[in-house]
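**Q** Need coordinates for the following:
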Amino acid sequence: VQLVESGGGLVQPGGSLRLSCAASGFTFSTYAMNWYRQAPGKARELVAKINSGGILRDYRDFVKGRFTISRDNAKNTVYLQMNSLTPEDTAVYYCGASRNWWVEPDYWGQGSQVTVSS
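**A** I've put the predicted structure just below:
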């Protein structure tokens, strides 16, 4: 099983980034997918999740209206579009694959650093 994130980097406040997570080694279309993040000195926290079919989505309050999660089951890829970024969004972002909506991920990616700074 592999989950490989890409698209992180350095961006100025107010800017945008799009993270991608390419999956392999399991039946991607049957798993819910999640984006988590971990800032320095803080616990990992859920950012957004999407169900296997891409219909149901959920966001934490601190990203609602700014971030959008989506997936392409034909490409085995999940995305996180991040707009209006602030320094508080600085963290390592991880994608995770869950067998169903209610459980934490069974599989994790290696993480992608997002730094928001002027």
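**Q** For this structure, which segments count as strands?
**A** Here the chain has its strands, by DSSP state E, at 2-6, 9-11, 17-24, 32-38, 45-50, 57-59, 67-72, 77-82, 91-98, 107-108, 112-116.
**Q** can you redo those strands as CSV with mean neighbour count and mean pLDDT?
**A** Every residue, glycine included, has its C-beta placed from N, CA and C. Formatted as CSV, those follow (neighbours: other CB atoms under 10 Å; pLDDT from 0 to 100):
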stretch, mean neighbour count, mean pLDDT
strand 2-6, 17, 97
strand 9-11, 14, 97
strand 17-24, 19, 98
strand 32-38, 23, 98
strand 45-50, 20, 98
strand 57-59, 15, 97
strand 67-72, 18, 98
strand 77-82, 22, 98
strand 91-98, 22, 98
strand 107-108, 17, 98
strand 112-116, 18, 98
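**Q** what's the distance between the residue nearest the centre of the chain and Ser112?
**A** Centroid-nearest residue in the chain: Trp35, 2.7 Å away (criterion: CA atoms, centre = their mean). Distance, Trp35 to Ser112, using CB to CB, to the nearest Å: 10 Å.
**Q** Ok, Leu10 next?
**A** Leu10 sits 12 Å away from Ser112, going by CB to CB.
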